[in-house]
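Asks: Next one to model:
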Amino acid sequence: MSTTAELLKGAAELFPGEVVTQAHVRHFDLPLGAGRFALITLDNGHDHTKPTTLGPQSLANIDAAIDQVEKEAADGEIIGVGVTGKPFIFAVGADLKGVELLKRHEDALAIGKGGHDVFKRLAKLAVPTFAYYNGAAMGGGVEIGLHCTYRTVSAALPAFSLPEVFLGLVPGWGGCTLLPNLIGAEKAVSVIIENSLNQNKQLKGKQVYELGIADALFEGADFLEQSLIWTASVLKGEITVERPAVDRGEGWGQGGGNGPVGGGSQGDR
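Replies: Residues are numbered from 1 along each chain as shown. This next block holds a predicted model:
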């Protein structure tokens, strides 16, 4: 068992009431003859009235799913990995019901570090990764997608945010570093701080695309189908994702960012 798995197992034992999210892996051939693909679907087994959250056991399940696709990618069995959610919900972040159960620093650290360690694995796979924001995405739900190589978003998506500041926290699973390196410091500050302090303002799917967080926007009715066709075109080299260079001038200094210089290539996350 890996160190991350051990940490999450210990944390999960402290939270017996967690509504556990499963990470189902299924395989299929992509359109256009692009090749074999693995899709991880996050689903807590309930309908949209109980949004998918990411407690310690849920993170452990995602970690196990990545174990599977990591081996398949290394063995050349798949050419890409996608992450999506159940109908109407991508994922809405950490399960805050467990916060009051955390009495020790090391237990809280296990969940914080566990999220980082699990999500970072998506960025390190031997094949490109894709996040398909099919529904509401908040906090850790946004962040798991930020660790992927590419992102698509549904035009029907009703709510997208990093609401932690509204709760007196900061995005803890990469949002504070990945987002400014993707869209620039000023836009990131707006999403992370200004929107949160403005009555927890939510972005719609079109706004997520226009901000540059997502690389493609598709209608909700056939969102996943169109996302997979787009994915196939990217993997075949028929579509090249170009991202504008991040402005690291005055705004970057004011935002306190010190991430790696980059931006503009399809590999930037």
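Asks: Could I get the contacting residues of Val142?
Replies: 93, 160-162, 171, 175 (Cβ atoms under 8 Å, 6 or more residues apart in numbering). All C-beta spots, glycine's among them, are computed from the backbone N, C-alpha and C.
Asks: After the host helix or strand of it, which helix or strand is next?
Replies: Assigned by DSSP states H and E, Val142 belongs to helix 140-146. Using DSSP H and E, the helix or strand that follows helix 140-146 in sequence is strand 150-154.
Asks: neighbouring contacts of that next one?
Replies: 128-135, 145, 160, 205, 208-209, 213-220, 223, 226-227, 230-231, 234, 241, 266.
Asks: Which ones among those residues map onto strands?
Replies: Judged by DSSP state E, those include 129-133, 160, 216-218 as members of strands.
Asks: and the helix holding Val142, how far out from the chain's middle?
Replies: Relative to its chain's centre, helix 140-146 lies at 2 Å (Cα atoms, centre = their mean, to the nearest Å).
Asks: Show me the shaky parts of the stretch 101-250 of the chain.
Replies: 101-103, 107 (pLDDT under 70).
Asks: Just give the nearest non-adjacent residue to Pro171, would you?
Replies: Leu162 (4.6 Å; Cβ to Cβ, 6 or more residues apart in numbering).
Asks: List the contacts of the one you found.
Replies: By Cβ under 8 Å, 6+ apart, the neighbours of Leu162 are 138-139, 142-143, 171, 175, 179, 191-192, 195-196.
Asks: 7 Å - rerun?
Replies: 139, 142, 171, 175, 191-192, 196 (Cβ atoms under 7 Å, 6 or more residues apart in numbering).
Asks: between those residues, which has the most around it?
Replies: For those, the largest number of neighbours (other Cβ atoms under 10 Å) sits with Val142, at 30 neighbours.
Asks: distance of it from Val153?
Replies: Plainly put, Val142 is 11 Å away from Val153 if you go by Cβ to Cβ, to the nearest Å.
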